[in-house]
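Undergrad: here is a sequence with its predicted model. Questions after.
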Amino acid sequence: MADGIALWGGVECTVNRVGDRYFSQLERNGHAHRPGDLDRIASLGVKALRYPILWERTAPNGPASADWRWADERLVAIRRLGIEAIAGLVHHGSGPPHTSLLDPAFAPLLADYAGAVAARYPWIGYYTPVNEPLTTARFAALYGVWYPHERSDRRFVEAVMNQCRATVLAMRAIRRVNPEARLVQTDDLGKTWSTPEMAPLAWLYNERRWLAWDLLCGRVDDRHPLWDYLLETGLPPDSFDWFRENPCPPDIIGVNYYITSERWLDHRLDRYPERYAGSYRGFRCVDIETPRAFAVPTPGIGPLLREVSDRYRIPLAITEAHIDAHREDQLRWLSEIWRAAERVRGEGVDIRAITVWALFGSFDWNCLVTADRGYYEPGPFDVRSEPPRPTVVTRLMRELSSGRKPSHPVLQGDGWWRRPGRFLCPPVSIPEMDQWVSPHPPLARSPQPLLIVGATGTLGRAFARICSVRNIAFRLLGRAQMDMADAAAVEQAIREHRPWAVVNAGGYVRVDEAERDRERCHRENTLGPVVLAIACALHGLPLLSFSSDLVFDGAKGAPYVEDDPTAPLNVYGQTKAEAEQRVLAIHPQALVVRTSAFFGPWDSVNFVSLALAALSEGRPFVAASDITVTPTYVPDLVHAALNLLIDGDAGIWHLANRTALTWAELAQRAAQMAGVPADTLEPRPSSRLGSPARRPACSALASARGEHLPPLDDALARYLQLRSQASEEDETGLEPLQGRM
């Protein structure tokens, strides 16, 4: 591998077991069935790839009956592409069904498989036989969430030792074939902070984080800081002798670092959400990730890299860098880690590479992969599109791999873990943090903004609100500041504000009134977007504009996708369809989002809010029983549209909450979920509603480009939760975006 900091990649490949169920990330993210993914990975400039040749998938019944076809195809392709493979054999797994992390046969069985892998692929030079043995042991044998579901210190230590023994034996078998093979040993490295009352527990956690690496290096004896803890488990002292007699120090220590890696222990339970409280070894305390608690954020990964370097004097690599967050924060996280690695390398730390993890995203890590809930975290590629759609993270990776400076304007803002709105408790002041000087100096000038048109509308205000939450600089303009149908006004606004992109969230929205106000509707819905498109094309600016399901006539009788022909039935739909065609003809790189039937928490005049208000008061509420739509939750729409805009996507996209139903059914569904009687709901055919504008019988939206919004019931549940709160709060999206635990 080349000197200096190299860019590596990794495919999330966990095959964990819960009871008798196996959860395979390779199946869920689709990489198992997409050989073309390797060309996509090569385009990023990665020098090495952490790649799964997993025991459970390849040889569950032993090497003699192994099915090598998948590995043969993929590893030959990786070699052809000039990428170094770092072979992973067990990734948060417990092996095939006939073994487990606590099975004495686990280590020799894995060694047999490792030897077979090396014999078949003698050119592979780097191995991680067992990924994160300490972390896997915590989940499987201390917390009980993964198989074999044990909950004791003894079982935890046994699981760590068994995995480390397997690593030693596996490398021994591999080196019989390839004496130059190198061990890249990974684990999650963080740090635990605490109140003085919790100091003994924090000490234990901070010493325990080294245990797997210490065992492999033969450093565990009666002088080890954890010796008394290890003996308390009841394990005989001589059970640790084997590792001193058979050391297998890593050639590269792989540090995995997540937003949840650094923890805070506090005995004052009443300050925190109840879900963070727990008991361990006689201590009752809260265990929470530091970004949610610390008034001043920790320095991050830099000091941890120095710690591990000082302890072992072994070359390092960051072997997993990933965060579950909105797109701009994914960029900020990777950029922050890269800068930290560069700083410590300049101070003499031998750090070889940074690995962008989860290249194709991951599923259900927000519940520690204990259930199939469908929660997806995109990576550099988003597998909700087929083929996987490159996100803006791929652009950053190419910049880093080629030595170019990261360029996206959203990098000018801090990530959520450094912003004031991150707290889940009264902020905690830590003396060590109060003395820390941030490596992120304030900007010399204001960051380049996003220009949002439509200050008085629901969508424009929602964009402003969510940009504030996501720390994306913006300027929100109403017609008084800029008439988007006036070319001179648009040009002046662009020159004044110097935006990096423009969002057209304005326009004429009164569908029935448009039938008699055709000229104004055309000016606002067609002429305005066209003028914006011309200006954005001239200045090379991305443009996001919105269209409607009413560009369709409903004759399809099924949900419409992006390339279905338009045939609007009313003036409003006609102006939107004409705008789509003209905007994309002028500015092919524009992004046009079709959506439908808004509802949201920040206004009281949307259909769902009006329906619930009437039904809860026992007033009659009339709704069409024969017009089918796909309702769209405004926060979901704005988040997804912003992500697509940041990614640089273009063309037409359909964004709606994936459930088709009539207006009357929507009112019924909302009432049912809210616990409101629907006795006064009056479903009526649209012909009896007296609407001047014709509506399509079915204008439901689907997407051929990727379904990026959750189902309607999920959206309604979040809408109702916000609606029920005593005071209005932003829907930040931060709560589910906590990354790996």
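TA: On my side now, so go ahead.
Undergrad: got the CA coordinates for the lowest-mean-pLDDT helix or strand in the chain in CSV?
TA: Least confident helix or strand of the chain, by mean pLDDT, DSSP states H and E, is helix 431-434 with a mean of 73. Extracted as CSV, the C-alpha positions of helix 431-434 are listed here (Å, rounded to 0.1, in the frame of the first residue of the first chain):
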residue,chain,number,x,y,z
PRO,A,431,-13.2,21.2,32.3
GLU,A,432,-11.1,19.2,29.8
MET,A,433,-13.4,20.4,27.0
ASP,A,434,-13.6,24.0,28.2
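Undergrad: from the rest of the structure, what touches it?
TA: Here helix 431-434 makes contact (C-beta atoms under 8 Å, 6 or more residues apart in numbering) with 193, 294-298. Using the backbone N, CA and C atoms, a C-beta is placed for each residue, glycine as well.
Undergrad: helices of the stretch 151-300 of the chain, start to end?
TA: Using DSSP state H, counting those that start in this stretch, the helices of the stretch 151-300 of the chain run over residues 153-177, 199-208, 211-216, 227-232, 241-245.
Undergrad: out of these, flag the one nearest Ala558.
TA: Closest to Ala558 of the helices of the stretch 151-300 of the chain is helix 153-177 (C-beta to C-beta; 51.2 Å).
Undergrad: which residues does Asp37 contact?
TA: Neighbouring residues of Asp37 by C-beta under 8 Å, 6+ apart: 11, 31, 359-360, 381, 388.
Undergrad: and it, what pLDDT?
TA: Asp37 is assigned a pLDDT of 97 by the prediction.
Undergrad: change the start of the numbering to 58 and stick with it
TA: Done: numbering now begins at 58, and the last item shifts to Asp94.
Undergrad: sorry, back to before: which among the helices of the stretch 208-357 of the chain is found nearest to Gln782?
TA: helix 256-265 (34.4 Å).
Undergrad: check which helices and strands the closest one sits against.
TA: On a contact count with 3 or more C-beta pairs under 8 Å, 6 or more residues apart in numbering; DSSP states H and E, helix 256-265 meets strand 248-251, helix 284-289, strand 319-323, strand 340-346.
Undergrad: mean neighbour count for these - can I get that in a markdown table?
TA: Converted to a markdown table, the helices and strands packed on helix 256-265 look like this (neighbours: other C-beta atoms under 10 Å):
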| stretch | mean neighbour count |
| --- | --- |
| strand 248-251 | 21 |
| helix 284-289 | 14 |
| strand 319-323 | 22 |
| strand 340-346 | 20 |
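Undergrad: closest one to Asn700 among the ones you listed?
TA: For Asn700, the closest of these is strand 340-346, at 23.3 Å, according to C-beta to C-beta.
Undergrad: correct me if wrong, but Ser604 is in a strand.
TA: Yes. Assigned with DSSP: H, G, I helix; E, B strand; the rest coil, Ser604 falls within a strand.
Undergrad: mind listing what Ser318 touches?
TA: Counting by C-beta under 8 Å, 6+ apart, Ser318 makes contact with 245-248.
Undergrad: correct me, but Ser602 touches Pro586?
TA: Yes. With contact defined as C-beta atoms under 8 Å, Ser602 reaches Pro586; the gap is 5.1 Å.
Undergrad: can you check which residues contact both of those two?
TA: Common contacts of Ser602 and Pro586 (C-beta under 8 Å, 6+ apart): 561, 636, 640.
Undergrad: out of these, which is most surrounded?
TA: Ala636 (28 neighbours; other C-beta atoms under 10 Å).
Undergrad: from the contact counts, what lies against the host helix or strand of it?
TA: In the assignment (DSSP states H and E), Ala636 maps to helix 628-643. Under the contact definition 3+ C-beta pairs under 8 Å, 6+ apart, helix 628-643 sits against helix 575-579, helix 585-596, strand 600-605, strand 648-652, strand 708-711.
Undergrad: is Pro767 in a helix, a strand, or coil?
TA: From three-state DSSP, the assignment for Pro767 is coil.
Undergrad: where does pLDDT dip in the stretch 358-507 of the chain?
TA: For the stretch 358-507 of the chain, residues meeting the criterion pLDDT under 70 lie at 491-502.
Undergrad: where in the stretch 58-207 of the chain is pLDDT low?
TA: The stretch 58-207 of the chain contains residues with pLDDT under 70 at 58-60.
Undergrad: the spatially closest residue to Val75 that is not a sequence neighbour: neighbour count?
TA: The shortest distance from Val75 to any non-neighbouring residue, by C-beta to C-beta, 6 or more residues apart in numbering, is to Thr427 (5.4 Å). For Thr427, the neighbour count with other C-beta under 10 Å is 15.
Undergrad: do Ala615 as well
TA: Neighbourhood size, Ala615 [other C-beta under 10 Å]: 11.
Undergrad: which residues touch it?
TA: Applying C-beta under 8 Å, 6+ apart, the residues near Ala615 are 755, 757.
Undergrad: quick check: which element contains it?
TA: Assessed by DSSP H and E, Ala615 sits outside every helix and strand.
Undergrad: now Ile181
TA: Ile181 is part of no helix or strand when elements are defined by DSSP H and E.
Undergrad: ok, it to Val217 distance?
TA: Note on Ile181: its distance to Val217, by C-beta to C-beta, to the nearest Å, is 26 Å.
Undergrad: of the contacts of helix 488-491, buried ones?
TA: The neighbour-count test (16 or more other C-beta atoms under 10 Å) marks 250, 351, 353-355 as buried among the contacts of helix 488-491.
Undergrad: which one of those residues sits closest to Gly763?
TA: Set against Gly763, the nearest of the buried ones among the contacts of helix 488-491 by C-beta to C-beta is Pro354 (33.6 Å).
Undergrad: Trp321 is in contact with the closest one, correct?
TA: No. Applying C-beta under 8 Å as the test, Pro354 and Trp321 come out as separate, 11.6 Å apart.
Undergrad: quick check: neighbours shared by those two?
TA: When contacts are counted by C-beta under 8 Å, 6+ apart, Pro354 and Trp321 are jointly contacted by Thr347.
Undergrad: before we move on, the earlier item: quick one, which of the helices and strands packed on helix 256-265 gets closest to Ala123.
TA: Minimum separation from Ala123 across these (C-beta to C-beta) falls at helix 284-289, 36.2 Å.
Undergrad: contacting residues around Ile509?
TA: Taking C-beta under 8 Å, 6+ apart, one finds 517, 520-521, 524, 531-534, 559-560, 562 in contact with Ile509.
Undergrad: now, which of these lie within helices?
TA: Mapping the contacts of Ile509 onto helices (DSSP state H) picks out 517, 520-521, 524.
Undergrad: can you redo those as a markdown table with neighbour count?
TA: Formatted as a markdown table, those follow (neighbours: other C-beta under 10 Å):
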| residue | neighbour count |
| --- | --- |
| Gly517 | 21 |
| Phe520 | 27 |
| Ala521 | 20 |
| Cys524 | 22 |
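Undergrad: mind listing the helices for the stretch 358-507 of the chain?
TA: Going by DSSP H, counting those that start in this stretch, the stretch 358-507 of the chain shows helices at 358-369, 384-403, 449-458, 488-491.
Undergrad: which other helices and strands does the third one contact?
TA: The reference is to helix 449-458. In terms of contacts (3+ C-beta pairs under 8 Å, 6+ apart), helix 449-458 is packed against strand 63-67, helix 384-403, strand 408-413.
Undergrad: for those, give me TSV that also has mean neighbour count and distance to Val234.
TA: As requested, the helices and strands packed on helix 449-458 are exported to TSV (neighbours: other C-beta atoms under 10 Å; distance: least, C-beta to C-beta, whole Å):
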stretch	mean neighbour count	distance to Val234
strand 63-67	25	24
helix 384-403	21	33
strand 408-413	26	24
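Undergrad: next, format the ones you listed as TSV and append distance to Arg74.
TA: Shown next, in TSV, are those (distance: least, C-beta to C-beta, whole Å):
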stretch	distance to Arg74
strand 63-67	21
helix 384-403	29
strand 408-413	25
